Each structure stands twice: as C-alpha cells, then as structure tokens.
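Asker: here's my sequence, what's the structure:
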Amino acid sequence: MKKKWIIVAGALALLLFAMGMGQVRKELPPEFSLQTLEGKVMDYAALKGAPVVIVFGATWCPECRIEAPEVQKAYLAYKDKGVVFLGVYGGQNDKDVRQYAEECRITFPAGRDQGQAAYFSVRAIPSILYFASDGRLVKRTVGVTHFDQISAAIEKVIEKK
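Answerer: Coordinates of the predicted model:
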C-alpha cells in the first residue's frame, strides 16, 4: 500500500513539473520591465536589439553571494560589447536588495524581484537567463555559475545576432 502511494505521489510530482515546464518563457516579452535600485526603469524598449543577461538571486541566498563576483567579472568583460546585464533579486524590500548589491559589489543595473522570476518560471536560485539580441532565450543556467561558464554562454548569445 505504501509503495502505491509513493508511485502516485511521484507521478503527480512529475505531472506538476511537466505542467510547469510548459510555462517557461522562450523570449523576452514586450511587457518586461524592471525598476532598478537607482529608480531607472529598464524595459523591453531599452533592451531591444541587445543581448541580455538576467541574473536571478536573493539577498538571503549563500550560493548567490558565491556567484555574484563571477557575474560582476562577466559584466565588466562584456558591458563594452553591448551585452546588457540585469540583476533581479528577491528580498523583503529595496533596502535589503541595495545592501546586498553593495556587499556583493554589483555595479550592473539591479532591482528587487517584482514578479519577474515567476514570469520566467525561475524555480531555483541562482539562475541566469541569456537572451539573444532578437529577444529569444538562448540558454538558462541554474546553480552557481562561474565566469568561464557565463562567458561561454554569452559568446553563444552574441553568435545568435
């Protein structure tokens, strides 16, 4: 009897996972926007025509703090090549996110998550989404991603121009 419930629970979990996977967005939508900690709105119009890297994390996430210097290094390497970086961080308020960005020495535009993670079906952090200049999602990484991996993903995005 116990084995039967395990099988049913496993099938249900698989079904829910598959249903959630169908919601994964494959492109940067025209209604996308993020208000940065500086009060600037980064929206689809501002991002259109550029490769975009969106980093998802949270102020309370230790793995995100490990990944932050790697992303910052990639930002510095690619910002002059037209690649736009955005940080979307979960936190209780803008003050928490600002403090996190300062502690992690993040200098790319960042803001508090206001539904962007849910919209892109981000279920684990840290996660990074890589969009080509035409807005198509090219790659998604989950877990701590190091500079070499970020750089390789960005190179693929740049190739998709």
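
Asker: how many residues are close by residue 103?
Answerer: Neighbour count for residue 103, taken as other Cβ atoms under 10 Å: 11. Where you see a C-beta, it was placed from the backbone N, CA and C, and this is true even at glycine.

Asker: same thing with residue 91?
Answerer: Neighbour count for residue 91, taken as other Cβ under 10 Å: 20.

Asker: who touches it in this structure?
Answerer: Contacts here follow Cβ atoms under 8 Å, 6 or more residues apart in numbering; on that basis residue 91 touches 58, 59, 60, 97, 100, 112, 113.

Asker: contacts only, for the nearest residue to it once chain neighbours are set aside.
Answerer: What sits nearest to residue 91 in space, not counting adjacent residues and going by Cβ to Cβ, 6 or more residues apart in numbering, is residue 59, at 3.9 Å. Contacts for residue 59 (Cβ under 8 Å, 6+ apart) come out as 89, 90, 91, 92, 96, 97, 99, 100.

Asker: can you pull out the strands in this protein?
Answerer: Per DSSP state E, the chain carries strands over the ranges 33-35, 41-43, 52-58, 84-90, 110-112, 127-131, 137-142.

Asker: could you dump these to CSV with distance to residue 159 and mean pLDDT?
Answerer: Listed next are the strands of the chain as CSV, based on distance: least, Cβ to Cβ, whole Å; pLDDT from 0 to 100:
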stretch, distance to residue 159, mean pLDDT
strand 33-35, 26, 90
strand 41-43, 24, 89
strand 52-58, 15, 96
strand 84-90, 17, 95
strand 110-112, 26, 94
strand 127-131, 11, 96
strand 137-142, 9, 94
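
Asker: let's have those in CSV, adding distance to residue 149 and mean neighbour count.
Answerer: Output for the strands of the chain, formatted as CSV (distance: least, Cβ to Cβ, whole Å; neighbours: other Cβ atoms under 10 Å):
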stretch, distance to residue 149, mean neighbour count
strand 33-35, 23, 17
strand 41-43, 24, 15
strand 52-58, 12, 25
strand 84-90, 15, 24
strand 110-112, 20, 24
strand 127-131, 9, 23
strand 137-142, 7, 16
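
Asker: for those, could you give me CSV that also reports distance to residue 69?
Answerer: Converted to CSV, the strands of the chain look like this (distance: least, Cβ to Cβ, whole Å):
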stretch, distance to residue 69
strand 33-35, 22
strand 41-43, 22
strand 52-58, 12
strand 84-90, 13
strand 110-112, 14
strand 127-131, 14
strand 137-142, 16
